[in-house]
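Enquirer: dropping the sequence and predicted coords here.
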Amino acid sequence: MSNIARLRAIAPPPERPKGAGTASDWRRLESDLNLRFPEEFKELIATYGHGRFTEFFGVATPFYRAPRDIGYKEFVRLRIEGIRFAQSSYPEEAVPLPGYPENGGLFPWGYTDNGGTMCWLTEGESARWPIICLDDGNTKDFDRFDVSVVEFIEKWLTDQILVPTLTPPDFYPLRRPVFSQA
């Protein structure tokens, strides 16, 4: 069973995902950002679109902007700016990894309600980018997972991996529906 099939089994996606994007949307975005997204991330967006898992975390959807919400590029810019701010304000305590577009920089792809950020460490082939989970202060106390984005979500939701920087005490059992469109 594929990663996306396992995720669909525990978190049924919407019939009509909002902001799923097209192949040309992805080409344009990748060109604008000078970045090649993992194919599995594109599949995740095509399957789920805009929304949240467990009423707690979301995946930044490049092709949907909710009313009163910031756009995707602004989300990315602000999260990277937060990493840089932490590094300049409290260098001994901040995450020691650069922000994108620096070589091997962190690129944000998700967020939690308590200010946490899920990023890729953009080193090597995009399908193998490690996932870095940052707390709301972007501190050196981060978690690293060498799994794909869909596998990360599926294993976090099923309590197969521990994500101490992001998981609140009341995360389990999962709330229903596990995924909801906003």
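Expert: Received, thanks. Keep in mind the model is a prediction, meaning the values are calculated, not measured.

Enquirer: in the chain, what residue spans correspond to helices?
Expert: All helices of the chain, identified by DSSP state H, fall at 3-10, 23-33, 39-48, 72-89, 149-157.

Enquirer: in the first one, which residues are buried?
Expert: When you say that, I think you mean helix 3-10. Residues of helix 3-10 classed as buried: 3-4, 6-8 (neighbour count, 16 or more other Cβ atoms under 10 Å). The C-beta positions use only the backbone N, C-alpha and C, and glycine is treated the same way.

Enquirer: with pLDDT added, can I get those residues in CSV?
Expert: Putting those into CSV (pLDDT from 0 to 100) gives the following:
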residue, pLDDT
Asn3, 93
Ile4, 96
Arg6, 96
Leu7, 97
Arg8, 97
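
Enquirer: list just the nearest of those residues to Thr122.
Expert: Asn3 (20.1 Å; Cβ to Cβ).

Enquirer: what sits against Lys155?
Expert: Contacts for Lys155 (Cβ atoms under 8 Å, 6 or more residues apart in numbering) come out as 147, 161.

Enquirer: let's see it at 10 Å
Expert: With contacts defined as Cβ atoms under 10 Å, 6 or more residues apart in numbering, Lys155 is in contact with 3, 6-7, 145, 147, 161-163.
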